[in-house]
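S.K.: A structural model of the following input is requested.
(2 chains)
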Amino acid sequence: MDEDNQKTNEKVDRKVIETEISMGPVHPAALEPYRVRLFVEDEIIKDAEITVGVNHRGVERIMEGLPVEKANSLTEKICGICSNSHIWNSCMVAEKALNIEVPERAQYIRIIMEELERMHSHMLYLAHGCEVLGHETLSMRMFYIRETVMELLRMIGGNRVQYGAPIIGGVRPRCELDEMRIQKLKEGMDTVEEKMTEFADRFVSDPMIMSRITGIGTLSQKDAIKLGTSGPTLRATGVEKDLRRDMTVYDPFEFDVITQDDGDVKSNLLVRVFEILESVKIIRQAVAGLPEGKITNRSWEMQDAPITKSYIEVPRGTLYHSYALQDGRVRHSVIRTPSITNIGAMQYACIGQHVTDAQLSIVQCDPCFTCTDRAVKIIRLDK
Amino acid sequence: MSLKSYSRARAVHVMLVYTGGCNGCDIEIVNCILSPKYDAEQYKVFLTWNPREADVLVVTGPVTRRNEEPLRKMYEAIPEPKVVVAAGACALMGGVYKNIHGDIPSEEIMGPVENIIPVDAKVPGCAVRPEDILSGVVAALPKLLNAK
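M.R.: A predicted model of the protein is given here:
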């Protein structure tokens, strides 16, 4: 019939697989639609297959031939969690292609938005993780802390999701930071730091939670590098790699690259907890040293440009955008999100686990299936 | 008031179906029910992931080709009486994916949700705000509670 069924048959022929547990595309245990097939022997997972592609909307294809400003705001709609990262990177491609200089104040505001987004994304991950663990109280506690960040985002961008701060050459005038907003940002950072520290203490000192997450879903460092994972998932296996260190816009800021050694669910959760505290540090520095001046550089002209690439570090890893410009329109757009390799690596993390831990093992990489589902091969069966 | 409708009014179960949007609406809906700030659970509205125990189906996203069949099945699995709430610009009119395109339109979008299943209440917004979702669900409730 189709390819993945054939592969299963081969596995059955080789007598590797005893039973298959298939979940999805829509399943009560999974928040987003995707398909998981677990091949088990006595409740121990021997092999796993994760299939994405349920949410395919063809964003790259509808971007072809759109004016570049419109295409940028369309990239924001790829993902509702890391929307600022997409529009920021897409604007950076245009700025690189047309040699537009971005004012320093705009870069600082963009970084503030990006770090706020990293905080709320990681907090969502922790809340979802606690829910999958079965600890609803901590999950609700996390949602409560997250509201502080969401209110800040709403204050700056005007919307709780998809605030759309960056435009080509700077940031939107709506996102200008004045005294009152800076004061609120400072207060918000104090609240988040205090509450996150309390949360982390409570989380780590709970023997029940720690015994549930230690040693579950282990991904070795060798596998993580081989499978091309990036972001916190890679850092949780002990590799000190953060693309923010290589980005010139992050040069004025001091922050630590957080690593953990084990590569299991515990390491993944702790990396995110500490990264939230690092983001607090970056935002404090950005607010304290916010340069004066314009926030948008409007003196640029549209011209044709060859394919230009840009990589940035987003909450989940490395994001890639590239497109060419022809008559002010976007051509050959390619977007690659970090989740695609991270989800692939989770197939390895599942192997050897109990069936009850499968969901936890998959969720530990912070999978975002909306980001991931763009380039898939569609086989029409009716032809 | 029968015993059935009495108990139904005291435990409204909302099921969230995600059909290919950008995830923004879904998180706002989960946020609206689970987060202590909005906390719909204090009004006896609960989130469930099981269609067989759901009363209200909240649909987000433009319906993608692969999601059309599951959505229809899920709608059929919910026992009567049931209410469908379409939340967000994508569920109402296909959103940016259906209406904005360059040279070629996207063939993957089968939505809006109205084309596939009947919709009782609509919640506009991109992304929807938690307050709007609460008012949308409340607007759809009379149909559920007045059912025999």
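
S.K.: So residue A:105 versus residue A:171, what's the distance?
M.R.: Between residue A:105 and residue A:171 the distance is 9 Å, computed by Cβ to Cβ, to the nearest Å. (Glycine included, C-beta is placed from N, CA and C.)

S.K.: Between those two, which has more neighbouring residues?
M.R.: residue A:171 (28 against 19; other Cβ atoms under 10 Å in any protein chain shown).

S.K.: And for the host helix or strand of residue A:138, what's in contact with it?
M.R.: If you go by DSSP states H and E, residue A:138 is part of helix A:136-157. Here helix A:136-157 makes contact (Cβ atoms under 8 Å, 6 or more residues apart in numbering or on different chains) with A:112-113, A:116-117, A:119-120, A:123-124, A:126-128, A:130-131, A:159-160, A:163-165, A:172, A:174-175, A:177, A:181, A:184-185, A:188, A:191-192, A:195-196, A:199, A:202-203, A:209, B:31, B:34-37.

S.K.: Pick out the residue in the stretch 151-300 of chain A sitting closest to chain B.
M.R.: residue A:161 (3.7 Å; Cβ to the nearest Cβ).

S.K.: how many neighbours does that residue have?
M.R.: 26.

S.K.: ok, now which ones touch it?
M.R.: A:80, A:83, B:24-25, B:27-28, B:127 are the contacts of residue A:161 under Cβ under 8 Å, 6+ apart.

S.K.: Look up the pLDDT of residue 130 for me, please.
M.R.: This is for chain A. pLDDT for residue A:130: 89.

S.K.: try chain B instead
M.R.: Residue-level pLDDT assigned to residue B:130 equals 88.

S.K.: Am I right that it is in contact with residue B:31?
M.R.: Yes. Applying Cβ atoms under 8 Å, one finds residue B:130 in contact with residue B:31, separated by 6.0 Å.

S.K.: Could you name every residue contacting both of those two?
M.R.: Shared contacts of residue B:130 and residue B:31, defined by Cβ under 8 Å, 6+ apart, comprise residue B:38.

S.K.: any idea how far residue A:95 lies from residue A:169?
M.R.: Residue A:95 is 7 Å from residue A:169, by Cβ to Cβ.

S.K.: ok, now residue A:88?
M.R.: From residue A:88 to residue A:169 the distance is 13 Å (Cβ to Cβ).

S.K.: what about the helices in the stretch 151-300 of chain A?
M.R.: A:179-204, A:207-213, A:221-226, A:232-235, A:265-288 (DSSP state H, counting those that start in this stretch).

S.K.: Just send those back as TSV, with mean pLDDT and distance to residue A:253 too.
M.R.: Formatted as TSV, the helices of the stretch 151-300 of chain A follow (pLDDT from 0 to 100; distance: least, Cβ to Cβ, whole Å):
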stretch	mean pLDDT	distance to residue A:253
helix A:179-204	93	14
helix A:207-213	89	31
helix A:221-226	90	26
helix A:232-235	91	18
helix A:265-288	93	5
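
S.K.: Out of those, which is the most enclosed?
M.R.: Stretch with highest mean neighbour count among these: helix A:232-235 (a mean of 29; mean count of other Cβ atoms under 10 Å in any protein chain shown).

S.K.: could you say what helices and strands the lengthiest helix in chain B packs with?
M.R.: Assignment by DSSP state H gives helix B:130-145 as the longest helix of chain B. Helices and strands touching helix B:130-145, by 3 or more Cβ pairs under 8 Å, 6 or more residues apart in numbering or on different chains; DSSP states H and E, are helix B:3-9, strand B:12-18, helix B:24-34, strand B:56-60, strand B:83-87, strand B:121-123.

S.K.: Now do the spatially most central residue of chain B against chain A, distance only.
M.R.: In chain B, the C-alpha nearest the mean C-alpha coordinate belongs to residue B:58, at 1.1 Å (Cα atoms, centre = their mean). Using Cβ to the nearest Cβ, to the nearest Å, residue B:58 is found at 13 Å from chain A.

S.K.: Go ahead and confirm that residue touches residue B:85.
M.R.: Yes. Using Cβ under 8 Å, residue B:58 is in contact with residue B:85, at 4.8 Å.

S.K.: Which neighbours do these two have in common?
M.R.: Once Cβ under 8 Å, 6+ apart is applied, the residues that residue B:58 and residue B:85 both contact turn out to be B:133, B:137.

S.K.: SS state for the residue sitting furthest away from the middle of chain B?
M.R.: In chain B, counting by Cα atoms, centre = their mean, residue B:103 sits farthest out from the average C-alpha position, at 31.9 Å. With DSSP: H, G, I helix; E, B strand; the rest coil as the basis, residue B:103 sits in coil.

S.K.: residue contacts, it?
M.R.: Counted by Cβ under 8 Å, 6+ apart, residue B:103 has contacts A:64-65.

S.K.: Give me the distance between it and residue A:61.
M.R.: For residue B:103, the distance to residue A:61 (Cβ to Cβ) stands at 9 Å.

S.K.: okay, the closest residue to residue B:130 other than its chain neighbours: pLDDT?
M.R.: Counting by Cβ to Cβ, 6 or more residues apart in numbering or on different chains, residue B:130 lies nearest to residue B:32, which is 3.6 Å off, once chain neighbours are set aside. With respect to pLDDT, residue B:32 scores 87.

S.K.: just checking, residue B:32 touches residue B:40?
M.R.: Yes. Assessed by Cβ under 8 Å, residue B:32 is found in contact with residue B:40 at 5.9 Å.

S.K.: before we move on, back to that, so what sits against both of residue A:105 and residue A:171?
M.R.: The contact sets of residue A:105 and residue A:171 overlap at residue A:295 (Cβ under 8 Å, 6+ apart).

S.K.: hang on, the earlier thing: residue A:88 and residue A:169: who's more crowded?
M.R.: residue A:88 (27 against 21).

S.K.: what residues are up against that one?
M.R.: A:110, A:113-114, A:165-166, A:312.

S.K.: Tell me which of those fall in strands.
M.R.: Among the contacts of residue A:88, the residues falling in strands (DSSP state E) are A:166, A:312.

S.K.: out of the contacts of residue A:88, who has the most neighbours?
M.R.: In the contacts of residue A:88, the most neighbours by other Cβ under 10 Å go to residue A:166, 29 neighbours.

S.K.: isn't that one right up against residue A:84?
M.R.: Yes. The pair residue A:166 / residue A:84 is scored as a contact, 7.3 Å apart, by Cβ under 8 Å.

S.K.: Show me the common contact partners of the two, please.
M.R.: With Cβ under 8 Å, 6+ apart, residue A:166 and residue A:84 have common neighbours residue A:113.
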